[in-house]
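[1] predicted structure and sequence below. I'll ask about it afterward.
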Amino acid sequence: MRFQSTEPWNHPRHNVRLAPDGRWGAALRRNPRSGQRVEVWRRQAGAWSAASTTVRASVDDQLLVLPGGQVLLRTGAGTGHELRLIDPRRHAVVTVARPPQPVVHLLHAAPGDRRTRCLLTAYDGQVTRLFRLTSAHRLIRCPGELPGYAHGVVWLGGRRLAMTQVAGHASSAVVLDTSSGEVRPLLDVGAATEDRAELYSPRSGLLVVRTDAGGAERVGFARADETFWFPDETTAEGGIAPLTLDPDGHQVLLHEQCGVHSRLAVYDVGRRTRTALATPPGCLRGPAAWTRSGIEVPWSAPDVPHAMLRLRPGTPPPRLTPASGAHPARVVTVDGAAGPLEAIVYGERDWTRAPGLVIALHGGPLSAWHFEYDPLLSDLAGAGLSVLALNQRGSTGYGSGHVRHIRGGWGGPDLDDVTTVIRALAAGRGDLGGPAVLGQSYGAYLALLAACAVPEQVSGCVAVAPFRSAARLYAHGAVAVRRLIDRLDGRREITDTLGPRDVFRLADRLTARTLLVHGDRDEVIPVEESRALHTRFLALRRADVTYLEVPGEGHDLFSGVAAESVLATVRGFLTKERR
């Protein structure tokens, strides 16, 4: 295994992780022929170099970078987990454990604990237990357990750690003593709030927490047994998160998602001052590390798949080098059903009159399009298509007033926005015809609904991993999916002229050429959803519908071994639509 400088890094990375000291990192890099491979990074003399490995992994696997550069990889799902230790210096990969629990996450061991490689949380559907993976590769259970699902670990000194405990639609922060198993509350603002511990500095004793009490994200602080305080400067409606503390534990790096862009700032806790960090346009792509040399953050822009930035307060932003084959984009505003919406445009300057125009709808649904590299959208732009990536109501990054529309409104206000944009574009395009719609996961569901709601204005539809209705998905989806649907009240029926948002019920309205794509091992949305939709559309004979089922692939079809062939199928379908 040989480390080589790879700047500019022309390929996107997934599951980016950094070691606590910021000297080592790891990520998944997609190989067009063999899928995702683990890549190990090392920082020396202020520059990053990377070494590829032969270890395959998926975006659902977890990486944990240990001090010294070794990487733990958790693969598998259900009861088939496997922990593998990757040693870049010895060119070795060895399986070290096979935890039997259905949900397992890897966490860093307590600082200075050389007898423990990592900590594991294991959730069996009822309680969460903790285990130590020793340096001798033994799994030892820690005393105590937490009812329900608990995640995240913030070490508080000694054997005490803080975790986030989920109960229904809320969460609270608790402290667990791993030597005695004793559990006590740390932060529980209200019955419906999401409260969590985020960071702790053993040097200064500063503890950083976060809550969404009052409809906004708030970052708070405390030392020792003080009461938490939540400054106005660390509160934001669009979402704010603490990333890392400076080496002395007096300043915190904050990330705020402002629409499609990321904003970074340094907050000095003692002085209560906030200073913006200058960054190039784009988005944060993973965790950050703050060392004596500066702040290290992974970054991306539409034409920059991956870059590692070193930032210092008061200095100009680094310059990014566009990657060969990537395509630039710009931010525009379009009119939705209830006001202006932000969107990202790829392709021609006069995109509204482009011969091939595609409206892209994000999944989630608690998500948004960001000003970052996206292999699908960049690929479509390279094929001569113009793409409008729309952040309709329900998208994150625009405050609680924007995102609240997805709660109890699946296919409601968001669909109204999408159909409003479609109608306006179709009216202005005349003989060019209406746009095509494209979506993945929830976005695929929304794309099918749009194609059924305004069939005369939609020229084509691509639905990747769709589902027919929230109720159907709740009955057959995974535990995490049902938890999300409950949290967002997704099964509430909408009563308007269109009626309940079930694609089966609306299927006889579909007239546009349609492509359905699904992986046969999708662990999020069962492949049976696309199979049933395809059968339904064929029986009605109202539209030309093609179905591609991808063997051996899961939910994210644009990052696995079959990514290139799936991209080619989608690209071919949409460019044929243009002709």
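    Here it is on my side, so go on.
[2] just want the most central residue of this protein.
    With distances taken as Cα atoms, centre = their mean, the residue of the chain nearest its centroid is Ser367 (7.6 Å).
[3] grab the nearest non-local neighbour of it.
    Among residues not flanking Ser367 along the chain, Thr396 sits closest, at 6.2 Å (Cβ to Cβ, 6 or more residues apart in numbering). (Each C-beta comes from the backbone N, C-alpha and C, glycine too.)
[4] just checking, the one you found touches Cys258?
    No. Taking contacts as Cβ atoms under 8 Å, Thr396 lies outside contact range of Cys258: 11.2 Å.
[5] who has more neighbours, the two?
    Neighbours of Thr396 and Cys258, each counted by other Cβ atoms under 10 Å, are more numerous for Thr396; the result is 20 against 15.
[6] which secondary structure state is assigned to the residue in the chain sticking out farthest from the centre?
    The outermost residue of the chain, judged against the average C-alpha position, is Asp431 (38.5 Å), by Cα atoms, centre = their mean. Under DSSP: H, G, I helix; E, B strand; the rest coil, Asp431 falls in the helix class.
[7] circling back: what's the overlap in contacts for Thr396 and Cys258?
    Gly238 (Cβ atoms under 8 Å, 6 or more residues apart in numbering).
[8] so which bits of the helix or strand harbouring Phe221 are buried?
    Element membership for Phe221 (DSSP states H and E) is strand 217-223. Burial within strand 217-223, assessed by neighbour count using 16 or more other Cβ atoms under 10 Å, is assigned to 217-222.
[9] and if you look at stretch 401-418?
    Under 16+ other Cβ under 10 Å, the buried positions of stretch 401-418 are 402-403, 405-406, 409-418.
[10] one more: stretch 495-508?
    Those would be 498, 501-503, 506-508, for stretch 495-508 by 16+ other Cβ under 10 Å.
[11] out of those residues, name the ones that lie in helices.
    Among these, the members found in helices (DSSP state H) are 503, 506.
[12] okay, the buried residues of stretch 495-508 in TSV with pLDDT and distance to Thr178 next?
    Converted to TSV, the buried residues of stretch 495-508 look like this (pLDDT from 0 to 100; distance: Cβ to Cβ, whole Å):
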residue	pLDDT	distance to Thr178
Leu498	95	53
Arg501	96	46
Asp502	97	48
Val503	97	48
Leu506	97	53
Ala507	96	54
Asp508	96	59
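[13] what's the farthest-apart pair in the buried residues of stretch 495-508?
    Arg501 and Asp508 (15.1 Å; Cβ to Cβ).
[14] circling back to that earlier point, as JSON lines, the buried residues of stretch 495-508 with distance to Pro526 would be great.
    Below are these laid out as JSON lines (distance: Cβ to Cβ, whole Å):
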{"residue": "Leu498", "distance to Pro526": "25"}
{"residue": "Arg501", "distance to Pro526": "19"}
{"residue": "Asp502", "distance to Pro526": "16"}
{"residue": "Val503", "distance to Pro526": "15"}
{"residue": "Leu506", "distance to Pro526": "20"}
{"residue": "Ala507", "distance to Pro526": "18"}
{"residue": "Asp508", "distance to Pro526": "24"}
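[15] and which of the buried residues of stretch 495-508 is nearest Thr211?
    Nearest to Thr211 among the buried residues of stretch 495-508, with distances taken as Cβ to Cβ, is Arg501, at 32.3 Å.
[16] Three-state assignment for the residue nearest to the closest one when sequence neighbours are not counted, please.
    The spatially closest residue to Arg501, leaving aside those adjacent along the chain, is Gly411, at 3.4 Å (Cβ to Cβ, 6+ apart). Secondary structure, three-state DSSP: Gly411 is coil.
[17] dump the residue contacts of Gly411.
    445-446, 449, 494, 501.
[18] Phe573 - that's part of a strand, no?
    No. Secondary structure of Phe573 (three-state DSSP): helix, not part of a strand.
[19] beta-bridge partners for the residue nearest to it when sequence neighbours are not counted, please?
    Spatial nearest neighbour of Phe573, chain neighbours left out: Leu515 (4.7 Å); criterion: Cβ to Cβ, 6+ apart. Beta bridges link Leu515 to Val462, Thr546, judged by DSSP bridges.
[20] dump the residue contacts of the nearest residue to Pro455 once chain neighbours are set aside.
    Nearest residue to Pro455 in three dimensions, chain neighbours excluded: Thr511, at 4.5 Å (Cβ to Cβ, 6+ apart). Going by Cβ under 8 Å, 6+ apart, Thr511 touches 455-456, 542-543.
[21] which residues touch Trp410?
    By Cβ under 8 Å, 6+ apart, the neighbours of Trp410 are 365, 442, 445, 470, 488, 490, 492, 494, 501.
[22] inside helices: which ones of these?
    442, 445, 470.
[23] quick one, grab the pLDDT at the last one.
    Going back to what we said before, that points to Ala470. In this model, Ala470 is scored at 96, pLDDT.
[24] contacting residues around it?
    For Ala470, the contact set (Cβ under 8 Å, 6+ apart) comprises 410, 485, 490-491, 501.
[25] kindly recompute the last result at 10 Å.
    410-411, 442, 445, 477, 481, 484-485, 488-493, 500-502 (Cβ atoms under 10 Å, 6 or more residues apart in numbering).
[26] tell me the spacing between it and Ser395.
    Note on Ala470: its distance to Ser395, by Cβ to Cβ, to the nearest Å, is 18 Å.
[27] likewise for the second one?
    Distance, Tyr445 to Ser395, using Cβ to Cβ: 15 Å.
[28] and the two? which has more neighbours close in?
    Set side by side, Tyr445 and Ser395 show more neighbours around Tyr445, with 29 against 25, by other Cβ under 10 Å.
[29] that one against Ala451, yeah?
    No. Counting by Cβ atoms under 10 Å, Tyr445 stays clear of Ala451, with 11.0 Å between them.
[30] okay, and the common contacts of the two?
    With Cβ under 10 Å, 6+ apart, Tyr445 and Ala451 have common neighbours 463, 503.
[31] nearest spatial neighbour of Thr315, chain-adjacent residues omitted?
    Ala278 is the one closest to Thr315 (Cβ to Cβ, 6+ apart), at 6.8 Å.
[32] low-confidence ranges in this protein?
    Low-confidence segments of the chain (pLDDT under 70): 1-10, 32-34, 77-79, 577-579.
[33] can you give me the helices for it?
    375-382, 400-403, 413-429, 442-453, 470-476, 479-487, 503-506, 528-540, 563-578.
[34] Gln251 against Arg272, yeah?
    No. The criterion here is Cβ under 10 Å, and Gln251 misses it with Arg272 at 11.3 Å.
[35] ok, the two, which is more surrounded?
    Between Gln251 and Arg272, Gln251 has the larger neighbour count (other Cβ under 10 Å), namely 23 against 13.
[36] from Ser204, how far out is the more buried one?
    10 Å.
[37] try Thr134
    For Thr134 relative to Ser204 (Cβ to Cβ), the value is 30 Å.
[38] cool, Pro185 as well?
    Relative to Ser204, and taking Cβ to Cβ, Pro185 is found at 23 Å.
[39] who has more neighbours out of those two?
    When neighbours are counted by other Cβ under 10 Å, Ser204 comes out ahead of the other of Pro185 and Ser204, with 17 against 11.
[40] I'd say Gly286 and Ser262 touch.
    No. With contacts counted by Cβ under 10 Å, Gly286 stays clear of Ser262, the gap being 11.4 Å.
[41] give me the common contacts of these two.
    297, 299-300.
[42] so of those residues, which ones are in strands?
    Of the shared contacts of Gly286 and Ser262, the ones assigned to strands by DSSP state E are 297, 299-300.
[43] show me which of those are buried.
    With neighbours counted using 16+ other Cβ under 10 Å, these contain these buried positions: 297, 299-300.
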